[in-house]
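In: I'd like to go over a predicted model; first the sequence, then the structure.
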Amino acid sequence: MPLSDFKSFVRERPSLANYVNKNEMTWQKFYEMYELYGANNSIWDNYLSTTSASSSSTSIKDMLGMFKNVNMNDLQEGINSLQKGIGYIQDMVKSKTKDIPVRKSSYEPRPMYRHFDD
């Protein structure tokens, strides 16, 4: 069977990509199964019926898999640039508040021992 047939088979069943993304299967293994059993075999029922239930919930294993693919140097550079941006904003706010004069209140509380003069 040609590779183009397998590609169209996968396009019709996008749920197979979830197994590859979760590192449970590879495209090579799926292609070998496609070559051996064909498109209409019951072996595909295992991969097509349970995918809809498991794709709706994200497990801790899935989240750890996502973090495994993150480049830590790029993440650190992003965090550093974000910190610099926040620092610039803080400096601007501080400089603006220094320019605003603080208005003193004219209210003076009455001493406790004094009574109203009628």
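Out: Cool, the structure landed.

In: quick one: buried residues of the helix or strand containing M92?
Out: Assessed by DSSP states H and E, M92 sits inside helix 72-99. If you call a residue buried by 16 or more other Cβ atoms under 10 Å, then helix 72-99 has no buried ones at all. (Each C-beta comes from the backbone N, C-alpha and C, glycine too.)

In: helices or strands next to it in the packing?
Out: Judged by 3 or more Cβ pairs under 8 Å, 6 or more residues apart in numbering; DSSP states H and E, helix 72-99 has no packing partners among the helices and strands.

In: chain center to it, what's the gap?
Out: Put simply, helix 72-99 sits 22 Å off its chain's centre (Cα atoms, centre = their mean, to the nearest Å).

In: So which residues of this protein form helices?
Out: With DSSP state H as the criterion, the chain has helices at 3-12, 16-21, 27-37, 45-49, 51-55, 60-68, 72-99.

In: comparing those helices, which gets the lowest mean pLDDT score?
Out: Among the helices of the chain, helix 51-55 has the lowest mean pLDDT, at a mean of 45.

In: So what's the residue count around M33?
Out: 16 (other Cβ atoms under 10 Å).

In: A39 is in contact with that one, correct?
Out: No. M33 lies out of contact with A39 (Cβ atoms under 8 Å); the separation is 10.2 Å.

In: What residues of stretch 19-33 count as buried?
Out: For stretch 19-33, a neighbour-count test (16+ other Cβ under 10 Å) marks 19, 25, 30-31, 33 as buried.

In: Farthest-apart pair in the residues you listed, please.
Out: Distance extremes for the buried residues of stretch 19-33: the farthest pair is Y19 and Y31 at 13.0 Å, using Cβ to Cβ.

In: residues near A17, how many?
Out: 16.

In: what separates it from W27, distance-wise?
Out: When distance is defined by Cβ to Cβ, to the nearest Å, A17 is 9 Å away from W27.

In: Reformat the buried residues of stretch 19-33 into JSON lines and put distance to V10 next to each item.
Out: Output for the buried residues of stretch 19-33, formatted as JSON lines (distance: Cβ to Cβ, whole Å):
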{"residue": "Y19", "distance to V10": "11"}
{"residue": "M25", "distance to V10": "12"}
{"residue": "F30", "distance to V10": "7"}
{"residue": "Y31", "distance to V10": "9"}
{"residue": "M33", "distance to V10": "12"}
